[in-house]
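# Everything below, folded, please.
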Amino acid sequence: MMMHYLQAFVFAFFATVAFGVLFQGPKRILWRSGLIGGLGWLAFIGMKELFSVHSFSANFLATVLIALFSEIFARIWKEPVTVFEIPAIIPLVPGLGMYKGMNYILQDYVSYGSEVLLGAAVDSCAIALGIMMVSGIFRALKTGSDMALQRQQDLLGTAVSPDLYVSDPDEEE
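Take a look at the predicted model:
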């Protein structure tokens, strides 16, 4: 059982690193994005196999984990979030579901193929929602702290404040 998860982590790690190379990510962070991708895949299969969580929920929670680690790593190593996030998401992308759905439709199993495609589309939406949620939270926190810093600088008079400008030269005296 443990060997299964180790093998899954290693394959997800190398798949993430390979896509990082394909997308021409910085070489010094490839192993870090591989680590994030491997952990995200472990979270996904762990939730599905150990806790019997639905595919949508497992994709969403694994994506939240990936996006959270990507945001943290981006701040630690001063790189864009996408350098970590895009390759790390690759193991979660439901490409096989999309392929099978189209294959069933082409073999005249339209009803079943549509069902498989819909499942893949729902999983894709879970991935998008997870990324947007974490990204939105981090953006709101950053914007809030930037505004608080600007307000503090205005109170101290160290930043350029509209009150410091003299609009009329006659008022200067």
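
# Next SSE downstream of the helix or strand containing Ile72?
Following DSSP states H and E, one finds Ile72 within helix 55-77. Note on helix 55-77: by DSSP H and E, the next helix or strand toward the C-terminus is helix 81-89.

# tell me the phi and psi of His54?
phi -60, psi 150 (degrees, to the nearest 10).

# where in the chain is pLDDT low?
Residue ranges of the chain with pLDDT under 70: 153-173.

# and if we set it to 90?
Applying pLDDT under 90 to the chain flags the ranges 1, 141-173.

# And the residue nearest the centre of it?
With distances taken as C-alpha atoms, centre = their mean, Ala67 lies nearest the centre of the chain, 3.3 Å away.

# That one: what's it in contact with?
85, 130-131, 133-135 (C-beta atoms under 8 Å, 6 or more residues apart in numbering). C-beta: built from backbone N, CA, C; applies to glycine.

# Between helix 81-89 and the lengthiest helix in the chain, find me the angle.
Secondary structure assigned by DSSP state H gives helix 110-156 as the longest helix of the chain. Angle of helix 110-156 versus helix 81-89, following axes from the mean of the first three to the mean of the last three C-alpha atoms, to 10 degrees, is 150 degrees.

# Give me the helices and strands touching helix 110-156, please.
helix 55-77, helix 81-89, helix 95-106 (3 or more C-beta pairs under 8 Å, 6 or more residues apart in numbering; DSSP states H and E).

# one more time with 6 Å, if that's ok
helix 55-77, helix 95-106 (3 or more C-beta pairs under 6 Å, 6 or more residues apart in numbering; DSSP states H and E).

# re earlier: just the buried residues of the contacts of Ala67.
Among these, those buried by neighbour count (16 or more other C-beta atoms under 10 Å) are 85, 130-131, 134.

# now, among the residues you listed, which is nearest to Arg28?
Glu85 (16.7 Å; C-beta to C-beta).

# Identify the residue nearest Val116 in space, chain neighbours excluded?
Gly101 (3.8 Å; C-beta to C-beta, 6 or more residues apart in numbering).

# do the same with Tyr5
Nearest to Tyr5 is Leu42, by C-beta to C-beta, 6+ apart, at 6.1 Å.

# All set now, cheers.
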